[in-house]
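> Show me how the following folds:
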Amino acid sequence: MMRSARLVLIFFVTFVWSAGLSAAEKSSTHHSGHVHHASHPSHVAHASQLVTATLQASASKLVLQDEVRIVFAHEVKGTTAAEVNRALAQAIEQARGAVKNPTGFTLSSGSFRTAPHYNKDGRTDGWQGRAELVLTSRDLIAAQGAAGVLGTQLAISNIQFSLSITKRRQEEQALLTEVAQAFQNRAQAAALAFGFKTYKVVSLDLNGPSGSSNGPVLMRSAAPMPSTHASDAIKLSLEPAQVQVNVDVSGKVTFD
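Alright, predicted model coming up:
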């Protein structure tokens, strides 16, 4: 009787374990089937057909620089700092006064510095100073006339041409349409070359780095003797160079 009860118990436990395993397998099979049916074959195939590419395009143009910056300078040596400062200030103001009816250009103060002067033994034997007057203009004819007068009062230290902000923006705006068309043409050509029908722009990055080309630089070491006669004005020819304006675009596209 005792052995019979033990056999029944073993059979019951075995049956329960087998039933539980069967249920677990069915549950696993059910969940596995559920996940399988959730992934639609057409969606997976469509996603695998999307190809992303990074493309670049650029447009450029040579533009004549339209702004000039001329630096005039005067150097003085003296026994005291005050003496040098007064002489520099007087020279700059005298030069300003020599320009009659300043139109088409602006005059602004440049650097102004005074420092001790040392002899070959390293000892101070006086003071030296340098002052600057800066002419800026987009009217080259007016700039030439003013520079001719100022050049009789001060030394011409530097002449530099550049493309004004206004002119650069105008040129970049004109190139924007051209670079946009170039990017679209490249995207369409890439789609056809790789066997795709259409493309879609995902992102764009626009920038307009522009090269620079400075105009002639003219240096003089000593200030000319002051003159008040209009006939003594120097003849200065201002000839700006060309600079290349670029507009670049890079972006990502998807092909379908």
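> only C-alpha atoms for contact and neighbour calcs from this point on.
OK.
> Surely A143 is in a helix?
Yes. A143 forms part of a helix when assessed by DSSP: H, G, I helix; E, B strand; the rest coil.
> Count the residues that sit near it.
25 (other CA atoms under 10 Å).
> Isn't it up against P102?
No. In this structure, A143 sits apart from P102 without contact. The criterion is CA atoms under 8 Å, and the distance is 9.8 Å.
> in the stretch 101-250 of the chain, which spans are strands?
For the stretch 101-250 of the chain, the strands defined by DSSP state E, counting those that start in this stretch cover 106-118, 124-137, 155-162, 199-207, 242-255.
> What strands line up against the last one, and which way round?
If I follow you right, that is strand 242-255. In the sheet, strand 242-255 lines up against strand 51-64 (antiparallel), strand 199-207 (antiparallel) (DSSP bridges).
> Return the most buried member of those strands.
Stretch with highest mean neighbour count among the strands paired with strand 242-255: strand 51-64 (a mean of 16; mean count of other CA atoms under 10 Å).
> Dump the strands paired with strand 242-255 to CSV, plus distance to S137 and mean pLDDT.
What follows is the strands paired with strand 242-255, written out as CSV (distance: least, CA to CA, whole Å; pLDDT from 0 to 100):
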stretch, distance to S137, mean pLDDT
strand 51-64, 15, 94
strand 199-207, 28, 90
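> now the ones you listed in JSON lines, with distance to T152?
Written out in JSON lines, the entries for those read as follows (distance: least, CA to CA, whole Å):
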{"stretch": "strand 51-64", "distance to T152": "29"}
{"stretch": "strand 199-207", "distance to T152": "44"}
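> So which of the ones you listed is nearest V179?
strand 51-64 (5.3 Å; CA to CA).
> Could you export the next helix or strand after the closest one as CSV, CA atoms only?
Once strand 51-64 ends, the next helix or strand along the chain (criterion: DSSP states H and E) is strand 67-78. C-alpha atoms of strand 67-78 as CSV (Å, rounded to 0.1, in the frame of the first residue of the first chain):
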residue,chain,number,x,y,z
GLU,A,67,37.0,99.5,-50.3
VAL,A,68,40.4,101.1,-49.5
ARG,A,69,42.1,101.7,-46.2
ILE,A,70,45.1,104.1,-46.2
VAL,A,71,47.2,104.6,-43.1
PHE,A,72,49.2,107.8,-42.8
ALA,A,73,51.8,108.1,-40.1
HIS,A,74,54.1,110.7,-38.5
GLU,A,75,57.2,110.0,-36.4
VAL,A,76,58.9,112.5,-34.0
LYS,A,77,61.9,112.4,-31.7
GLY,A,78,62.4,114.8,-28.8
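> Which elements pack onto strand 67-78?
In terms of contacts (3 or more CA pairs under 8 Å, 6 or more residues apart in numbering; DSSP states H and E), strand 67-78 is packed against helix 81-98, strand 124-137, helix 140-150, strand 155-162.
> Please repeat the previous calculation with a cut-off of 7 Å.
helix 81-98, strand 124-137, strand 155-162 (3 or more CA pairs under 7 Å, 6 or more residues apart in numbering; DSSP states H and E).
> Contacts only, for R168.
Taking CA atoms under 7 Å, 6 or more residues apart in numbering as the definition of contact, R168 has no neighbours.
> partners of the nearest residue to A87 once chain neighbours are set aside in the sheet?
Nearest non-adjacent residue to A87, counting by CA to CA, 6 or more residues apart in numbering: V76, 7.0 Å away. The bridge-partner assignment for V76, based on DSSP bridges, gives G129.
> any idea how far R96 is from V76?
If you measure V76 against R96 using CA to CA, to the nearest Å, the figure is 18 Å.
> give me the number of residues near G148?
Applying the criterion other CA under 10 Å, we find 20 residues in the vicinity of G148.
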